[in-house]
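> Need a 3D model of the sequence below.
(one chain, ligands or ions: 1)
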Amino acid sequence: MARIDLFVGTVYGSAALVAERLSAELEGRGHRVTINEEARAKHLSPERFLLLVTSTTGQGDIPDNLAPFADDLRNKAPWLSPLQYALIAMGDSAYGDTFCGAGRTLDGLLQELGARPLVPHLEIDASEEDEPERPALTWLKGWAARLDTL
Ligand SMILES: Cc1cc2nc3c(=O)[nH]c(=O)nc-3n(C[C@H](O)[C@H](O)[C@H](O)COP(=O)(O)O)c2cc1C
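Residues are numbered from 1 along each chain as shown. A predicted model of the protein is given here:
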């Protein structure tokens, strides 16, 4: 059984819905999940697995509810090793170069600070996918068994 922090960045609620579906799947597998929509770096613990789901707003920007977490990472630069994490970046390819910018930025920040991705991050394109929870669950099922060995 793993303890999982599920941090969410959302503007209109799609990422929150995806997070709820992932949480239900993980709890069904016996893990303990805490969803956090007001995450700060101080909420992280190396004893827990971090799952992060974020949409992108503005021009590749991090949603307001997750921006303080990103600021913590940038300004306080906490050393995050041996934290392990997985991340879903949600966006819309209609936005061109800023596609999934928030998730890509956070993935980079986490790795710069020593956190280790368990798997490559997933990108979900709202132009291609009406039901983002579907690719999210498929992705999760591809690696969830590894949580039992952490
Ligand atoms: C005002 C606005 C700005 C957006 N900017 C971007 C962007 O720069 N890059 C991107 O990939 N998606 C962008 N998106 C698309 C959203 O990230 C995408 O629709 C996502 O699924 C929304 O999830 P949410 O409901 O959790 O906020 C934008 C959407 C809106 C409404």
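> Tell me the confidence at whichever residue of the chain sits closest to the ligand?
Per CB to the nearest ligand atom, residue 91 is where the chain lies closest to the ligand, at 2.2 Å. In short, each C-beta sits where N, CA and C put it, glycine included. The model reports residue 91 with a pLDDT of 98.
> Spell out whether the longest helix along the chain and the ligand are in contact.
Across the chain, the helix with the greatest residue count (assigned by DSSP state H) is helix 14-28. Yes - for helix 14-28 and the ligand, the contact criterion (CB under 6 Å from any ligand atom) is met by 14, 15.
> what about the next helix or strand after that helix, distance to the chain center?
Using DSSP states H and E, the helix or strand that follows helix 14-28 towards the C-terminus is strand 32-36. Remark: strand 32-36 is offset 12 Å from the chain centroid, using CA atoms, centre = their mean, to the nearest Å.
> Strand 32-36 near the ligand at all?
No - using CB under 6 Å from any ligand atom, strand 32-36 stays clear of the ligand, coming no nearer than 13.3 Å.
> and stretch 138-149, how far apart are its ends?
20 Å (CA to CA, to the nearest Å).
> Pull the residues that contact that stretch.
2, 4, 22, 25-26, 29, 31, 49, 86, 88, 118-119, 122 (CB atoms under 8 Å, 6 or more residues apart in numbering).
> that older thread, bridging residues for the residue of the chain closest to the ligand?
Beta-bridge pairing for residue 91 (DSSP bridges): residue 125.
> List the contacts of it.
55, 56, 98, 99, 100, 101, 102, 103, 123, 124, 125, 126.
> Please report how far it lies from residue 47.
Between residue 91 and residue 47 the computed distance is 31 Å (CB to CB, to the nearest Å).
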